[in-house]
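Enquirer: heads up, no residue letters with this:
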């Protein structure tokens, strides 16, 4: 009985970009476990049961304000899932300075800001889980996505450095690297493009957002207490060998 009670103890969970797609599925998975979930969005639309916090991760003051709001409502963040991300796809020779800097600032620098702020509370608690949502593109590369691939690859180095810095305080830092997932972002592709993508995936299908969420909730579970600095692919085998 005591083990069940410990397992059911709700934690303070923060998921960025949790209003749609993968982020929403992650937030819903933690809510289903009974955790206290806060979600950052730019324009609202958090899943039912989650605390909806408006935050642009490119603004350090908004990040600080978001954590203050979450801490007041749910206590110190015990699980951070840095998922917020954008794309500005174009070939290298056409890529503008803004195409580069906006993607890096949101996907990579934004994640740094979140992890740094979350780590303060986790160090005091002497426990914590940080999960960065990367992409198979960060490992494989993708034509037209130099900026996005660089930002997603950068999360791996960041997670592994944090894992080394904070491991002695029982804080883990890991990366989930999804492949192609059924979301609004992939919904705009033509049937021909989708068929070409599926042909490259050994499992011959896209992932469901919930399948990515399961990897994230596992990394935050007691069962993954000895896993840190890892990159967990959820890509149907697309990126294996990397």
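Expert: Okay, I see it. Nothing here was measured: the structure is a model prediction, and the numbers come from that model. Numbering: from 1, shown residues only.

Enquirer: All the strands of this structure, in order from the start?
Expert: For the chain, the strands defined by DSSP state E cover 12-16, 36-41, 51-54, 79-82, 128-133, 171-178, 231-234.

Enquirer: So which of those strands is nearest residue 209?
Expert: Nearest of those to residue 209, taken as Cβ to Cβ: strand 171-178 at 8.7 Å. No exception for glycine: its C-beta is placed from N, CA and C like everyone else's.

Enquirer: Tell me the helices and strands packed up against the closest one.
Expert: Where contact means 3 or more Cβ pairs under 8 Å, 6 or more residues apart in numbering; DSSP states H and E, strand 171-178 is packed against helix 110-125, strand 128-133, helix 146-166, helix 209-219, strand 231-234.

Enquirer: Output the ones you listed in CSV, with mean neighbour count appended to each entry.
Expert: Below are the helices and strands packed on strand 171-178 laid out as CSV (neighbours: other Cβ atoms under 10 Å):
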stretch, mean neighbour count
helix 110-125, 19
strand 128-133, 27
helix 146-166, 19
helix 209-219, 21
strand 231-234, 20
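
Enquirer: any chance of these in TSV, plus mean pLDDT?
Expert: Shown next, in TSV, are those (pLDDT from 0 to 100):
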stretch	mean pLDDT
helix 110-125	98
strand 128-133	98
helix 146-166	98
helix 209-219	97
strand 231-234	96
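
Enquirer: could you dump those to a markdown table with distance to residue 56?
Expert: Converted to a markdown table, those look like this (distance: least, Cβ to Cβ, whole Å):
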| stretch | distance to residue 56 |
| --- | --- |
| helix 110-125 | 8 |
| strand 128-133 | 17 |
| helix 146-166 | 16 |
| helix 209-219 | 22 |
| strand 231-234 | 27 |
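
Enquirer: Identify the residues contacting stretch 159-167?
Expert: Stretch 159-167 is contacted from outside by 115, 119, 122-123, 128, 130, 132, 171-175, 228-229, 231, using Cβ atoms under 8 Å, 6 or more residues apart in numbering.

Enquirer: Report the distance from that stretch to the chain centre.
Expert: Computed by Cα atoms, centre = their mean, to the nearest Å, the chain-centroid distance of stretch 159-167 equals 17 Å.

Enquirer: cool, and stretch 17-27?
Expert: Remark: stretch 17-27 is offset 9 Å from the chain centroid, using Cα atoms, centre = their mean.

Enquirer: swap in stretch 93-110?
Expert: Relative to the centre of its chain, stretch 93-110 is centred 18 Å away, using Cα atoms, centre = their mean.

Enquirer: Show me what counts as buried in it.
Expert: Of the residues in stretch 93-110, 95, 99-100, 102-110 count as buried by neighbour count, 16 or more other Cβ atoms under 10 Å.

Enquirer: Let me know the closest of those to residue 79.
Expert: So of those, ranked by how close each gets to residue 79 (Cβ to Cβ), first place is residue 110, at 17.5 Å.

Enquirer: Next, count neighbours for the closest residue to the closest one other than its chain neighbours.
Expert: The shortest distance from residue 110 to any residue other than its chain neighbours is 3.2 Å, reached at residue 57 (Cβ to Cβ, 6 or more residues apart in numbering). If you count neighbours by other Cβ atoms under 10 Å, residue 57 ends up with 24.
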